[in-house]
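*Asks:* The following comprises the amino acid sequence and a computationally predicted model.
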Amino acid sequence: PQGLNQWYGAWFARKFPKHSVYDADFRPLLSILVSRRGPMPIEVVSDALQLPDSKLRVLLGKVSSLYPLTHHRANGKTSSTVAPTHKSLDDWLTGLHDVTGYCLAGEYTVERSEGHRLIADAGIRSYRNGKPLHSYYLSHLVYHLLGAKDVGGAADLLLDLSWLELIVAAGMVRDLHIAF
């Protein structure tokens, strides 16, 4: 391969010779990863894909050379996040060729809007079911609703007193502007 785009194409072709497996398991995963804001907590990815942690870790293991896990330890708890090794990977998966206008990744192209939708749906589902929300949702759920083109859902959330109380209780009032 002569550049990163060709290298990514060869890597994906070698890793995913069966497009049905890519479409079913990896396209949704990668759409979430390209739409993330900062390192993505794997708990959020698990929620969004509605997969058990062990199944998600198996999938992530298959793309770990491009999307490695990073482990964090704080307050006696370990958490893991996932992010690309290089921003150009996200650009390749979602970008268009400057001259031809065709998708750079061809059949491996993913839609950021789909990732936003999956994350937003998971966050709203958790919120409505009264589950404790991951801080990622508190910081970025409005952003993902807007990325999924759900302006009404974002407005409803921002006008929801219970939501705003969660933001205040988490001490994230100063970060509320980041949601946009």
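*Replies:* Noted; the coordinates are in hand.
*Asks:* List of residues touching stretch 74-90?
*Replies:* For stretch 74-90, contacts defined as CB atoms under 8 Å, 6 or more residues apart in numbering pick out 4, 8, 33-34, 36, 38-43, 45, 60, 65-72. For every residue, glycine as well, the C-beta is placed using N, CA and C.
*Asks:* mind running it again at 6 Å?
*Replies:* Stretch 74-90 is contacted by residues L4, V34, P39, M40, P41, I42, L66, Y67, L69, T70, H71, H72 when judged by CB atoms under 6 Å, 6 or more residues apart in numbering.
*Asks:* The closest residue to the third one other than its chain neighbours: which element?
*Replies:* Just to be clear, that refers to P39. Distances taken as CB to CB, 6 or more residues apart in numbering put T81 closest to P39, at 3.6 Å, once the chain neighbours are dropped. Taking DSSP states H and E as the criterion, T81 maps to strand 77-82.
*Asks:* from the contacts of stretch 74-90, which single one is nearest Y136?
*Replies:* Within these, the smallest distance to Y136 is 5.2 Å, found for P41 (CB to CB).
*Asks:* Tell me the secondary structure of the residue nearest in space to the middle of the chain, please.
*Replies:* Computing the C-alpha centroid of the chain and ranking residues by CA atoms, centre = their mean puts I32 first, at 2.9 Å. Put simply, I32 is helix when judged by DSSP: H, G, I helix; E, B strand; the rest coil.
*Asks:* got the buried residues for the longest helix along the chain?
*Replies:* Longest helix in the chain, counting residues (DSSP state H): helix 112-128. Applying a neighbour-count criterion of 16 or more other CB atoms under 10 Å, one finds 112, 114-124, 126-127 buried in helix 112-128.
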